[in-house]
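Enquirer: After the sequence you'll find the predicted model.
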Amino acid sequence: MTASEIVHLTARQLRSLFEEGRLSAEEIVSAYLERIRAYDRHVGAFLLVDEEGALQQARTLDERKARGEPLGPLAAVPVAIKDVLCTQGMRTTCASRILHNFVPPYDATVIRKLREADAVLIGKTNMDEFAMGSSTENSGFQITRNPWDLDRAPGGSSGGSAAAVAACFSPMALGSDTGGSIRQPAALCGVVGLKPTYGRVSRYGLVAFASSLDQVGPFAWDVPDTALLLQVIAGHDPMDSTSVEIEVPDYLATLDQPVGGLRIGVVREWLADGVDEQVAKAVEQAIDVYRALGAKIQDITLPHSKYGIPAYYIVAPAEASSNLARYDGVHYGYRAADYDDMVDMYCRTRAEGFGAEVKRRVMLGTYALSAGYYEAYYLKALKVRRVIREDFDRAFEQVDIVLGPTSPTPAFRLGERIDDPISMYLSDVYTVTANLAGIAGISIPCGFTADGLPVGLQLLAPPFEEERLLRAARMYERETNWHTRRPDLERVVAQFEAKQSASAG
Ligand code: GLN
């Protein structure tokens, strides 16, 4: 099998070819590393590629297999890791200059679980600094380009992870979703991304942005691989008191059973004003697919979802301002070189170490929490959060799944929104409500625009109903082939370079 064939396989295929002895772990990992070497200088998905570590892991797996040892469910499967998850001995920066040299002394629980499942950790992916953003342009180190069109953003904040999967640099990746950061880049890169219910997956070792909203979740090309990765990372963790002690079902066992009598609620207001026409059309066609499968489609309304963005931009920055207080130049990370006294050292360290968006959030959050404004902003936002949750509770009394677009637009151009925070914030208008309500959500590919840009369909399910969510997503996926399309990177790069040299000359 050629390297190019290998990198187009699913994780399940890689795992079984390895199991059957038809591919060695070293062949698999080498094929991905070769692909990364050839194309990541154009895409910029990775902040760190652990070539040596990944090859070492692969060789160990090959030896263990030769000895007939039992192997884990992700044996020989490369997984790319958003650089917000602590990896022992491997630099973890959150794409922030303030953590440029931070090497965690421990693994996040999800990383430990990946290692126990015999996954190969191939590298750390680029992101918006501290996961604040929707385009990955807020990274303190580099931009990431969308593998379908290198002039466009991959979405964010987990843009590196989504782009890595779309570019076939890794069959799977982990991201984090605080307001849409898994689902939105998944939609813009044409892959599957799942945000688990708050409490489903441990946050231990996930560098905190907004602790009451953050969840770790999987990216993959299709729903079964997504289910497989969720299976590995889900479950209660004594190290995270907000992870919930509730059984994790066998997601793959039931995945291909359609949900009988599936009732789908279409959020009408999400398909009205403000949504791109081609996005709306692809979502309407997806609804037709479900209808043809016998699902009962009805319109629903989430009357308070329009307050999602304002409420989110109080709650998330408030929590961030507190979580980011620890970056003071004392314990770890960057410290300013010149300063007069301790306070000056704090100020210079944070002024030099944080980027503009992070500073904006810290100021917003500090303001909203300050005496005199706390009731007017923070407490009010918490009340809005409650009524948004109640909207979903009411909807789920009538329907099994809530459906809408993931993002109001397909991938936008790099640079287009970066100077206008409000337009950037609005990228998450359909995703933040699921985080505020703490429910589960998935984005799956549902078509392409005339320009060949992927469109994402968002499905939402009640808390801890990931099994239902995955089965409903799989019903659609089995009827369509959007998830099998891969960008032709060779052509995309050639076009990009031709355009660049034309504009230079
Ligand atoms: N784009 C949103 C923000 O900037 C969501 C980010 C996320 O989910 N981490 O906060």
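Expert: Yep, it's here. Numbering: from 1, shown residues only.
Enquirer: hmm, who's touching the strand or helix carrying residue 319?
Expert: Under the criterion of DSSP states H and E, residue 319 resides in helix 308-323. Contact with helix 308-323 is made by 130, 132, 178-179, 208-213, 358, 361-366, 368-369, 377-378, 380-382, 384-385, 388, 425-426, 428-429, 432-433, 435-436, as judged by C-beta atoms under 8 Å, 6 or more residues apart in numbering. For glycine as for every other residue, the C-beta is placed from the backbone atoms N, C-alpha and C.
Enquirer: right, is it up against the ligand?
Expert: Yes: using C-beta under 6 Å from any ligand atom, helix 308-323 reaches the ligand at residue 316.
Enquirer: Now the element after that helix, going C-ward?
Expert: helix 342-353.
Enquirer: Next, count neighbours for the residue of the stretch 201-350 of the chain found nearest the ligand.
Expert: Closest contact between the stretch 201-350 of the chain and the ligand, by C-beta to the nearest ligand atom, is at residue 316 (5.3 Å). For residue 316, the tally of surrounding residues (other C-beta atoms under 10 Å) stands at 26.
Enquirer: Only the buried residues of the helix or strand harbouring residue 112, if you could.
Expert: In the assignment (DSSP H and E), residue 112 maps to helix 109-116. For helix 109-116, a neighbour-count test (16 or more other C-beta atoms under 10 Å) marks 109, 110, 111, 112, 113, 114, 115 as buried.
Enquirer: residues making contact with it?
Expert: 72, 74, 79, 81, 85-88, 107, 121, 174, 201-202, 204-206, 216, 232-233, 237, 239-240.
Enquirer: Tell me where the stretch 351-500 of the chain has strands.
Expert: 401-405, 440-448, 454-461 (DSSP state E, counting those that start in this stretch).
Enquirer: re earlier: tell me the pLDDT of the residue of the stretch 201-350 of the chain closest to the ligand.
Expert: At residue 316, the model reports a pLDDT of 98.
Enquirer: same check, this time on residue 505
Expert: 71.
Enquirer: That one - how many residues pack around it?
Expert: By other C-beta under 10 Å, neighbour count at residue 505 equals 5.
Enquirer: just residue 165 next, same as before
Expert: 31.
Enquirer: follow-up on the earlier one: how about the helix or strand following the helix holding residue 112, does it reach the ligand?
Expert: Downstream of helix 109-116, the next assigned helix or strand under DSSP H and E is strand 120-125. No: if you take C-beta under 6 Å from any ligand atom as the test, strand 120-125 misses the ligand, and the best it gets is 13.5 Å.
Enquirer: Need the mean per-residue confidence for strand 120-125.
Expert: Per-region confidence: strand 120-125 scores 98 on mean pLDDT.
Enquirer: now the helix or strand just after that strand: how far from the chain's centre is it?
Expert: Later in the chain than strand 120-125, the nearest helix or strand by DSSP H and E is helix 159-166. Distance of helix 159-166 from the chain centroid (C-alpha atoms, centre = their mean, to the nearest Å) equals 9 Å.
Enquirer: Report the next helix or strand after helix 159-166 in sequence order.
Expert: According to DSSP H and E, the helix or strand after helix 159-166 is strand 172-177.
Enquirer: The helix or strand following that next one near the ligand anywhere?
Expert: Later in the chain than strand 172-177, the nearest helix or strand by DSSP H and E is helix 183-189. No: against the ligand, helix 183-189 shows no contacts by C-beta under 6 Å from any ligand atom, the least distance being 7.1 Å.
Enquirer: any idea which helix or strand comes after helix 183-189?
Expert: strand 192-195.
Enquirer: hmm, who's touching that next one?
Expert: Residues outside strand 192-195 that contact it (C-beta under 8 Å, 6+ apart): 158, 162, 175, 177, 180, 182-183, 185-187, 215, 217-223, 225-226, 230, 431, 434-435, 440-445, 466, 469-470, 473, 483.
Enquirer: Dump stretch 103-115 to PDB, restricted to CA.
Expert: The C-alpha trace of stretch 103-115 is given here as PDB (Å, rounded to 0.1, in the frame of the first residue of the first chain):
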ATOM      1  CA  VAL A 103       6.600  21.500  29.300                       C
ATOM      2  CA  PRO A 104       3.900  19.900  31.500                       C
ATOM      3  CA  PRO A 105       5.100  17.500  34.200                       C
ATOM      4  CA  TYR A 106       1.900  15.400  33.700                       C
ATOM      5  CA  ASP A 107      -0.600  14.200  31.100                       C
ATOM      6  CA  ALA A 108      -4.200  15.400  30.800                       C
ATOM      7  CA  THR A 109      -6.500  12.500  31.600                       C
ATOM      8  CA  VAL A 110      -7.600  12.300  27.900                       C
ATOM      9  CA  ILE A 111      -3.900  12.000  26.900                       C
ATOM     10  CA  ARG A 112      -3.400   9.200  29.400                       C
ATOM     11  CA  LYS A 113      -6.400   7.400  28.000                       C
ATOM     12  CA  LEU A 114      -5.100   7.800  24.500                       C
ATOM     13  CA  ARG A 115      -1.800   6.300  25.500                       C
END
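Enquirer: Appreciated, that's everything.
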